[in-house]
Structure formats: C-alpha cells, structure tokens
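1. could you look at this predicted model? Sequence included:
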Amino acid sequence: MRFIKWITGLLGFLFGGGLIGGLIGYAAGSLLEGLVKKEYSTGTQHQGDFSISLLILASEVMKADGKVMRSEVDFVKNFFIKNFGIEHTNNRLAILKELLSKEIDINNACSQMRTHLNYADRLQLLHYLFGLANSDKACSKNERDKIHHISNLLWLNEADYKTIEAMYFKTSHSAYTILQIGRDATDEEVKRSYRKLAKKYHPDKLSSLGEEAQKAAKEKFQEINNAYESIKKERNIT
C-alpha cells in the first residue's frame, strides 16, 4: 500500500536521510506495518497520511519545552479515539512513543507533507497543534515558536498562521487579526475579507478527513463568523 511506503519512506528521511535513511525506513516497514495494517478497515488513505503527519508534528511540539505532559498525550489519544477507535489509537500511541524518542528532521518531514497534503489539510494541522499546545492551559513561548516554524516549513501564508493563532490567543484586536485586516480597513474591505476567508476555511474542504475533523473545522469556521459579527457590531455594519 502507498500508505505503508509513505510512512517507511518518511521515517527514512526523518531518522537517517538519503540512501541509508531509505534503507532504515524499508527495514522499519515490517514493524510499522504491524502497527498500521488495519488502517483501512475504518479510515481512508488520505486520513492515514493526515494522521501520521499529525503524530510527527505533535511529537515536535510536545518536545519543544523539554517535557512531555500527560495532558498532551491525552489530547492526542482522544483525537485518535474519536477518529479511529481505541484499537487504532493504541497503534498510533506506539508510533508517537517512538517519535518522541527520536531526533526528527522536521525539514524533510514537512517537505513530505507539502507533497501529500493539500493546503486546507495543512491549515487544519495547525489547529490541532495549537490545541495540543494549549491542552495544559499554559502554551509556552517555545511551543508557539515551534508551531510558527512548522507553519513556515509547511509553506502556509503568514496571515493564515496569524488567523489561526488569534483563535487561540485572544486580544483586543483578535477579531481583526482573524479576518486578516487592520483597524483602519474600510467596511467594504471587512466584508470582502470575510467572504474570502469563509470560502477558504469552509469545512467542506476537509470532507476527506472524516466526521470528527469536519466537526473541528466547523468550530474554527464559527470563529471566522464570530470575528465578523464582532466587527459588524462595533461598526454598526448592516
């Protein structure tokens, strides 16, 4: 399956690099296949690509402040239970444990993700990473810096990064940041930016990721609507 080849090839890049890394990835295939061979009984290939990407990036964020919190492991565990069930969650946690013990070449990892995941999927990865970082109610600067670095490596627009960040860290100007405009924007610019973002962040763009991912996307889509309604109320826009 391409899914298995993608994982083993990616692990080759992560742990070794080049030809040697590829051989390591190939050798690891038989072990990993035992962990993920039941993937397709409940999920799709695309969901598999997304879930492995999430594990890799989550491990980097979890290690960013030098300690792995139980709340972070529980966050990842709950995500996989909701999306794949308990049995598959145990498989994913085994992979996560391995990733947490390794030094990962995040540049190569993100390069693979840019190839296998579309822009909407990569934006959704950021949502989960911010949710993970906030799971202990104390997102550190190192964690935020790591997520920002990952966003750059995934080739995400800086304005899109700021939009998502502002959903998790509220300030007096969060509504404007979420809509990617300044306070000096005209009413027409406010409306135009809202329409653009509503289209970009619409949950339908994540239909291939499953019901739970779409539910999370709807919650963030509502953040766009809330920001727009807040500005409309502030300005008396009809």
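-> Perfect, thanks for sending it.

2. give me the neighbour count for Lys63.
-> 20 (other C-beta atoms under 10 Å). C-beta coordinates here come from the backbone N, C-alpha and C atoms, glycine included.

3. mind listing what the nearest residue to it once chain neighbours are set aside touches?
-> Counting by C-beta to C-beta, 6 or more residues apart in numbering, Lys63 lies nearest to Leu100, which is 6.6 Å off, once chain neighbours are set aside. Contacts here follow C-beta atoms under 8 Å, 6 or more residues apart in numbering; on that basis Leu100 touches 59, 62-63, 68.

4. let's see 10 Å
-> 55, 58-60, 62-63, 68, 73 (C-beta atoms under 10 Å, 6 or more residues apart in numbering).

5. which of these sit farthest apart?
-> Greatest spatial distance in the contacts of Leu100: Glu60 and Val73, 14.5 Å, computed using C-beta to C-beta.

6. hmm, which helix or strand of the chain has the shakiest average pLDDT?
-> Within the chain, confidence by mean pLDDT, DSSP states H and E is lowest for helix 18-36 among all helices and strands, at a mean of 39.

7. just the buried residues of the lengthiest helix in the chain, please?
-> In the chain, ranked by residue count with DSSP state H as the criterion, the top helix is helix 211-235. Taking 16 or more other C-beta atoms under 10 Å as the neighbour-count basis, helix 211-235 is seen to contain the buried residues 213-214, 216-217, 220-221, 223-224, 227-228, 231-232.

8. residues in contact with the strand or helix carrying Ile147?
-> Using DSSP states H and E, Ile147 sits within helix 141-153. Helix 141-153 is contacted from outside by 56-57, 60-66, 72, 106-111, 113-114, 122-123, 125-126, 129-130, 132-134, 136, 139-140, 156-158, 160-162, 164-165, 168-169, using C-beta under 10 Å, 6+ apart.

9. do that again at 8 Å, thanks
-> So helix 141-153 is contacted by 57, 60-61, 64-66, 106-107, 110-111, 125-126, 129-130, 133, 158, 161, 165 (C-beta under 8 Å, 6+ apart).

10. next one: that helix to chain centre, how far?
-> Here helix 141-153 is found 12 Å from its chain centre; the criterion is C-alpha atoms, centre = their mean, to the nearest Å.

11. please state the mean pLDDT value computed over that helix.
-> For helix 141-153, the mean per-residue pLDDT is 96.

12. quick one: mean pLDDT for the helix or strand following that helix?
-> Counting by DSSP H and E, the element after helix 141-153 in chain order, helix or strand, is helix 158-168. The average pLDDT for helix 158-168 rounds to 93.

13. got a pLDDT number for the residue nearest the centre of the chain?
-> Nearest residue to the geometric centre of the chain (C-alpha atoms, centre = their mean): Leu125, 1.1 Å. At Leu125, the model reports a pLDDT of 89.

14. so who does it touch?
-> Leu125 makes contact with 50, 53-54, 57, 113, 117, 150, 154, according to C-beta under 8 Å, 6+ apart.
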